[in-house]
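>>> Let's see this in three dimensions:
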Amino acid sequence: MGLKQAIKSIDAFPRAEDHLLQKTQSGAFVSIVGLVIMASLFLHELGYYLTTYTVHQMSVDLKRGETLPIHINMTFPSLPCDVLSVDAIDMSGKHEVDLDTNIWKLRLNNHGHIIGTEYLSDLVEKEHAAHNHDDEKEHHDDLDQKLHALGFDKAAENMIKKVKQALTNGEGCRVYGVLDVQRVAGNFHISVHGLNIYVAQMIFGGVTQVNVSHIIHDLSFGPKYPGIHNPLDGTLRILHDTSGTFKYYIKIVPTEYRYISKEVLPTNQFSVTEYFSPMNEFHRTWPAVYFLYDLSPITVTIKEERRSFLHFITRLCAVLGGTFALTGMLDRWMYRLLEVLSKPNPRGILQ
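Predicted coordinates:
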């Protein structure tokens, strides 16, 4: 018996006799409120435990010999597809248009609706080759021979008429697809540079008539991961009564996203600054939209992690225990207040 009594003496939760317990309506109200609060806090803590959080780590980028995917989705509302070309050049000066590129051009009417498509791949390289070949012949004195070498035949005349009609109709072009380039600094640009310079002169009449207004729907350097923000998405640049060249200077940061399932997603994020250079009729270059990119030597690793179960239990005990203690105090205060207010002699209450 002595041992049992000793054990009972350390009981931290003594129980009162049933006839000493008194149940009240105020106590029932506080109990219901307390249960609702505890249930809400439990659900909140459970959701907090089940959601993952990310940890960022940085290290030196050790990747070599890989390609850099460039996802493009842009609209040029004032330029027909026949005059637009896409080009990519790295630091060595090598044109990257001969790689496995998948670029599509969608013809748009003046309301932005699709009216036709055109696949664009080796066509760009051929146009640039023709353009370079034409530049080498500029020193010829015989104008007739020059025009013949530049391709001013029936096909060229038909093309000029077609483009002028498209400009009159207000046609635009949507360019989208993927460029795979080497992982070195370089640039890619969308412009009318693929045209023969004399053909471009015949079509537009001068550099000030080339409107490179554009909308960047999506520009990324790899697949997207949860929470990524590409700063150029949704960019709108519209020119009115002026022309010029847009240059976007991009700093690419190699990134690895590690899911909670241990799956690894290699991608890239980037920051950007932009510059606009207006042009007049004395400029010798044609307006364009340039994207000049460079790669950071630091790679960022983003890891998804989940909070420990012990952390969840600790927080749960803290919030539920605190709510229970608070509702107990509130119940005692309400009981005493109602007890004081229910006394028949108000003078005694003041005393």
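>>> Going along the chain, name the strands of the stretch 151-300 of the chain.
Counting by DSSP state E, counting those that start in this stretch, one finds strands in the stretch 151-300 of the chain at the ranges 172-182, 186-191, 214-220, 235-237, 244-258, 264-278, 288-295, 298-306.
>>> Could you work out which of those reaches nearest to Ala28?
Nearest to Ala28 among these is strand 298-306; the distance by CB to CB comes to 39.1 Å. Backbone N, C-alpha and C define where each C-beta goes, glycine included.
>>> Just checking: what are the partner strands of the closest one?
Using DSSP bridges, the strands paired with strand 298-306 are strand 52-60 (antiparallel), strand 244-258 (parallel).
>>> Check which element follows that strand along the chain.
helix 309-341 (DSSP states H and E).
>>> counting contacts, what elements does that following helix pack onto?
Identification of packing neighbours for helix 309-341 by 3 or more CB pairs under 8 Å, 6 or more residues apart in numbering; DSSP states H and E yields helix 25-50.
>>> Could you list every helix and strand in contact with the helix it packs on?
Using 3+ CB pairs under 8 Å, 6+ apart, the elements in contact with helix 25-50 are helix 309-341.
>>> worst-scoring helix or strand of the protein, pLDDT-wise?
None of the helices or strands of the chain scores lower by mean pLDDT, DSSP states H and E than helix 122-136, at a mean of 43.
>>> Correct me if wrong: Val319 contacts Leu41.
Yes - Val319 lies in contact with Leu41 (CB atoms under 8 Å); the separation is 4.6 Å.
>>> and the nearest residue to Arg183 once chain neighbours are set aside, what element?
Nearest in space to Arg183, with sequence neighbours left out and distances taken as CB to CB, 6 or more residues apart in numbering, is Leu68 at 4.9 Å. Using DSSP H and E, Leu68 sits in strand 67-76.
>>> Listing partners with orientation, what would you give for that strand?
Counting by DSSP bridges, the strands paired with strand 67-76 are strand 172-182 (antiparallel), strand 214-220 (antiparallel).
>>> Quickly, which of those strands bottoms out on average pLDDT?
Per-stretch averages of pLDDT across the strands paired with strand 67-76 put strand 172-182 at the bottom, with a mean of 89.
>>> ok, residues contacting that one?
With contact meaning CB atoms under 8 Å, 6 or more residues apart in numbering, strand 172-182 is reached by 67-81, 84, 86, 88, 90, 96, 99-110, 112, 114, 120, 188, 190, 217-218.
>>> 7 Å instead, please
The contact list for strand 172-182 (CB atoms under 7 Å, 6 or more residues apart in numbering) reads 67-81, 84, 86, 88, 90, 96, 99-108, 112, 188, 190.
>>> now that strand and strand 186-191, what's the angle there?
Calculated by axes from the mean of the first three to the mean of the last three CA atoms, to 10 degrees, strand 172-182 forms an angle of 160 degrees with strand 186-191.
>>> Check which residues of strand 172-182 are buried.
Gly172, Cys173, Arg174, Val175, Tyr176, Gly177, Leu179, Val181, Gln182 (16 or more other CB atoms under 10 Å).
>>> Can you add distance to Met202 and give those residues back as JSON lines?
As requested, the buried residues of strand 172-182 are arranged in JSON lines below (distance: CB to CB, whole Å):
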{"residue": "Gly172", "distance to Met202": "21"}
{"residue": "Cys173", "distance to Met202": "19"}
{"residue": "Arg174", "distance to Met202": "25"}
{"residue": "Val175", "distance to Met202": "23"}
{"residue": "Tyr176", "distance to Met202": "29"}
{"residue": "Gly177", "distance to Met202": "29"}
{"residue": "Leu179", "distance to Met202": "30"}
{"residue": "Val181", "distance to Met202": "32"}
{"residue": "Gln182", "distance to Met202": "36"}
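>>> which regions of the stretch 251-351 of the chain sit below the pLDDT cut-off?
Within the stretch 251-351 of the chain, the stretches with pLDDT under 70 are 344-351.
>>> Start and end of stretch 175-194, how far apart?
15 Å (CA to CA, to the nearest Å).
>>> okay if I get the strands of the stretch 151-300 of the chain as a markdown table plus distance to Val60?
Listed next are the strands of the stretch 151-300 of the chain as a markdown table, based on distance: least, CB to CB, whole Å:
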| stretch | distance to Val60 |
| --- | --- |
| strand 172-182 | 19 |
| strand 186-191 | 21 |
| strand 214-220 | 23 |
| strand 235-237 | 32 |
| strand 244-258 | 10 |
| strand 264-278 | 16 |
| strand 288-295 | 12 |
| strand 298-306 | 7 |
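>>> wait, which of these is closest to Gln5?
So among the strands of the stretch 151-300 of the chain, strand 298-306 is nearest, using CB to CB, at 47.7 Å.
>>> can you list contacts of that closest one?
Contacts of strand 298-306 with the rest of the structure, by CB under 7 Å, 6+ apart, involve 52-61, 253-260.
>>> which of the residues you listed are buried?
Judged by 16+ other CB under 10 Å, buried ones among these: Asp61, Val253, Pro254, Thr255, Glu256, Tyr257, Arg258.
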